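Trainee: Generate a structure from the sequence data that follows.
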Amino acid sequence: MNILCFYALLATGITWLVTALGAAVVVFFKSPGQKVLNLMLGFASGVMIAASFWSLLQPAIEMAESAGGIPAYIVAAAGFLFGAVFMWGSDKVVSFAALKADSREGRPDERLIRIIMLVLSITLHNIPEGLAVGVAFGALNVNGSDPEGLMGAITIALGIALQNFPEGAAVSLPLRREGCSRKKAFLIGQASGIVEPIAGVIGAVLVVYVEALLPYALSFAAGAMILVAVHELIPECQKNQSSQPYFATMGIVSGFAVMMVLDVMLG
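Mentor: Prediction:
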């Protein structure tokens, strides 16, 4: 089991590295204009919406159907709604804390709230992805370390790694949009993926228990991401674009298409 935990750590370490590479794209944008910033934010929104279904909800439904017992639609809906409610509650807590910290203004720091909610949603999304990789490698100890099973675990890790590139950008680019420096946006963007190696090792160790909870965790992350994308990112990217009202919208469509192609292509 120790060697399988090492494999899980190595695989999720690579997925974290790809997240960092995606976050590094912010380095190429020194002083982007308002239109480009809206496009970036729209692209991040599209990535999150597509990832919510193809990377999270669809696998959650398939896992729940394979497990039997509770109907898959109930598992997916319960996790999804709980994830959205959790982010709504988090928004209230963060808003209250920001209001207390900015009592002179008498209103919360909306920019800070958006940053925290964005990073929190992507981080929550990365936890079940890390668990999925860890469970895939940990299952080799239960089912036997046959070459086919090992190749399946590697394929899962590779698929998640490639998906993490646009997700890293989905964090760093909006942070740049909110006024963060390129260095700070990159550091926060790559840090959102650090939970994957931790979750990967936990998944490998607790494979029997985590596997049963994984459908709930995946749909929970989907609910969290959809709420943030729809409530925070999309309205923000639609501001200040009266001359070209479809500019940010095409960013959403492009981000959705890129993430959809990656998810469907990698199965």
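
Trainee: Please make it C-alpha for all contacts and neighbour counts, starting now.
Mentor: Will do.

Trainee: is it true that V228 touches V119?
Mentor: No: between V228 and V119 there is no contact under C-alpha atoms under 8 Å: 9.9 Å.

Trainee: more neighbours, these two?
Mentor: Taking other C-alpha atoms under 10 Å, V228 and V119 do not tie; V228 has more neighbours (25 against 22).

Trainee: after the host helix or strand of the more buried one comes which helix or strand?
Mentor: Using DSSP states H and E, V228 sits in helix 207-228. The helix or strand immediately downstream of helix 207-228 is helix 234-237, counting by DSSP H and E.

Trainee: now that next one: mean pLDDT?
Mentor: For helix 234-237, mean pLDDT is 80.

Trainee: ok now it, how far from the chain's centre?
Mentor: 18 Å (C-alpha atoms, centre = their mean, to the nearest Å).

Trainee: Same question for stretch 220-230.
Mentor: Put simply, stretch 220-230 sits 9 Å off its chain's centre (C-alpha atoms, centre = their mean).

Trainee: do you know how far G200 is from H125?
Mentor: G200 is 13 Å from H125, where distance means C-alpha to C-alpha, to the nearest Å.

Trainee: Which positions within the helix holding V228 qualify as buried?
Mentor: 207, 210-211, 213-228 (16 or more other C-alpha atoms under 10 Å).

Trainee: what's the one helix or strand A169 maps to packed up against?
Mentor: Applying DSSP H and E as the criterion places A169 in helix 147-177. Applying 3 or more C-alpha pairs under 8 Å, 6 or more residues apart in numbering; DSSP states H and E, one finds that helix 147-177 contacts helix 2-23, helix 34-50, helix 110-143, helix 182-191, helix 247-266.

Trainee: P71 against A64, yeah?
Mentor: Yes: at 7.2 Å, P71 and A64 qualify as touching, with contact defined as C-alpha under 8 Å.

Trainee: Any regions of the stretch 151-267 of the chain where pLDDT drops low?
Mentor: Applying pLDDT under 70 to the stretch 151-267 of the chain flags the ranges 152, 208, 240-243, 266-267.

Trainee: my bad, should have said the stretch 1-150 of the chain
Mentor: 1, 29-34, 94-112, 139, 141-149.

Trainee: Neighbour count: P71 and A64, which is higher?
Mentor: Applying other C-alpha under 10 Å to P71 and A64 shows that A64 carries more neighbours, namely 23 against 12.

Trainee: Under a three-state scheme, what state does the more buried one occupy?
Mentor: Following DSSP: H, G, I helix; E, B strand; the rest coil, we place A64 in the helix state.

Trainee: do you know how far it is from Q58?
Mentor: Here the criterion is C-alpha to C-alpha. By it, A64 lies 10 Å from Q58.
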